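A.B. asks: coordinates for the following, if possible.
(one chain, ligands or ions: 1)
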Amino acid sequence: MSTSETIIAVSGLSKTYESGFQALKTVDLEIRRGEILALLGPNGAGKTTLISIICGIVNPSGGKVTVDGYDIVGDYRQARSLIGLVPQELTNNLFDTVWATVNLSRGLFGKAPNRAYLEQVLRDLSLWDKRNEKMMALSGGMKRRVLIAKALAHEPQILFLDEPTAGVDVELRRDMWEMVRTLRDKGVTIILTTHYIEEAEEMADRIGIINRGELMLVKEKVVLMRQLGKRQLIIQLQQPLTALPEAVQGRAVELADDGCMLTYTFDAQGEQTGVGDILRALAREGVEFKDVNSSQSSLEEIFVGLVHDSNRDRAQA
Ligand SMILES: Nc1ncnc2c1ncn2[C@@H]1O[C@H](COP(=O)(O)OP(=O)(O)OP(=O)(O)O)[C@@H](O)[C@H]1O
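C.D. replies: Numbers count the residues shown, from 1 in each chain. Below is the predicted model:
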């Protein structure tokens, strides 16, 4: 096994479906061993297409992907055996039991039987008590848990989760996050696609944003939030103001909430935030504060801003 930092290398990857629709346009991406990478993007952005190509389900139209050095086309079996995929859609044979489903999946990858390992996987996913039940008798949430167990059955080094928590209840979502963290602690590389930005915010080490078949950026989550996030100082006033105080005119200060609140937006990265200046200037003018606090824009605001700006630029082009 290679120990290089990159476990999946995607270069110049493109996909045009038979309909002529170009779902991916020259994607380059290096996924690091042991990281949790979240791929965010609106509906139809190309997330599933990208994952499906890496997992060997969809053929690329151009470019190259290697998984731990194995080419996904030329060395398909080796590459695929390193990967577990939890797809969006339920794909199980409804007449099989939970145990048979998971055991069969392990066998398909040519792995020797390992009852103890599979028992642990089922226990971790709260499925052990259901092991003898037929798939058709399970609830939707339980079926999803089986999809995860199936993906883990052959002890993959890499786990892809395609919108793992779409439509699942709070408990399953929490269990899934817990499981993802445990797997990461064991060194498994995890790639998840999601519409839930808070999920990426909570879980990911790095975040990739896909829009219209293009990977717009891939960055460390903390860097992304620091670079693109804006901070805001929110000042609640004792007495409403009818106009912006002169001392803060020309600064990024706005009067809101019928004159009862002042907001000051500043660059979170800047060396000088200007917060002290603003507060002193207001105090000098006799403005009295009821409450002062600050907020950091969320990943959701950053994401919406980025995708919105890019779509607007395209429309204007
Ligand atoms: N087999 C196919 N033939 C033609 N077009 C397809 C095919 N599969 C996907 N597409 C199109 O490619 C685009 C990207 O789809 P994809 O499923 O990769 O997006 P996604 O980002 O995963 O979206 P979602 O968040 O809705 O799952 C969509 O416009 C989709 O309609």
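
A.B. asks: closest point of the stretch 201-317 of the chain to the ligand, which residue?
C.D. replies: Ile210 (6.4 Å; C-beta to the nearest ligand atom). For every residue, glycine as well, the C-beta is placed using N, CA and C.

A.B. asks: the helix or strand hosting that residue - contacts with which helices or strands?
C.D. replies: Element membership for Ile210 (DSSP states H and E) is strand 206-211. Judged by 3 or more C-beta pairs under 8 Å, 6 or more residues apart in numbering; DSSP states H and E, strand 206-211 is in contact with strand 36-40, strand 214-220, helix 221-228, helix 299-316.

A.B. asks: for it, the averaged confidence score.
C.D. replies: Across strand 206-211, pLDDT averages out at 91.

A.B. asks: could I have the CA atoms of that strand written out in CSV?
C.D. replies: Below are the C-alpha coordinates for strand 206-211, written out as CSV (Å, rounded to 0.1, in the frame of the first residue of the first chain):
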residue,chain,number,x,y,z
ARG,A,206,-12.3,20.3,3.5
ILE,A,207,-15.1,21.5,1.4
GLY,A,208,-15.5,21.4,-2.4
ILE,A,209,-18.1,23.4,-4.1
ILE,A,210,-19.5,22.1,-7.4
ASN,A,211,-21.7,24.2,-9.6
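
A.B. asks: okay, now the sheet partners of that strand, with direction.
C.D. replies: Note on strand 206-211: by DSSP bridges, its sheet partners are strand 36-40 (parallel), strand 214-220 (antiparallel).

A.B. asks: want to try JSON lines for those strands, with mean neighbour count as columns?
C.D. replies: Compiled in JSON lines, the strands paired with strand 206-211 are given as follows (neighbours: other C-beta atoms under 10 Å):
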{"stretch": "strand 36-40", "mean neighbour count": "25"}
{"stretch": "strand 214-220", "mean neighbour count": "16"}
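
A.B. asks: in CSV, list the ones you listed along with mean pLDDT and distance to the ligand.
C.D. replies: As requested, the strands paired with strand 206-211 are exported to CSV (pLDDT from 0 to 100; distance: least, C-beta to the nearest ligand atom, whole Å):
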stretch, mean pLDDT, distance to the ligand
strand 36-40, 93, 8
strand 214-220, 91, 12
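
A.B. asks: before we move on, the earlier item: the residue of the stretch 201-317 of the chain closest to the ligand touches Leu37, doesn't it?
C.D. replies: No. Between Ile210 and Leu37 there is no contact under C-beta atoms under 8 Å: 11.6 Å.

A.B. asks: ok, residues contacting the helix or strand Asp277 falls within?
C.D. replies: Using DSSP H and E, Asp277 maps to helix 275-284. Contact with helix 275-284 is made by 233, 235, 245, 247-248, 251, 253, 262, 264, 266, 289, 292, 294, as judged by C-beta atoms under 8 Å, 6 or more residues apart in numbering.

A.B. asks: flag every buried residue along that helix.
C.D. replies: Buried positions in helix 275-284, judged by neighbour count with 16 or more other C-beta atoms under 10 Å: 278-279, 281-282.

A.B. asks: want to throw those residues into TSV with distance to Lys143 and pLDDT?
C.D. replies: Below are the buried residues of helix 275-284 laid out as TSV (distance: C-beta to C-beta, whole Å; pLDDT from 0 to 100):
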residue	distance to Lys143	pLDDT
Ile278	55	89
Leu279	56	89
Ala281	61	90
Leu282	58	90
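
A.B. asks: widest-spaced pair of those?
C.D. replies: Leu279 and Ala281 (7.4 Å; C-beta to C-beta).

A.B. asks: spatially nearest residue to Ser294 (excluding sequence neighbours)?
C.D. replies: The shortest distance from Ser294 to any non-neighbouring residue, by C-beta to C-beta, 6 or more residues apart in numbering, is to Leu233 (5.0 Å).
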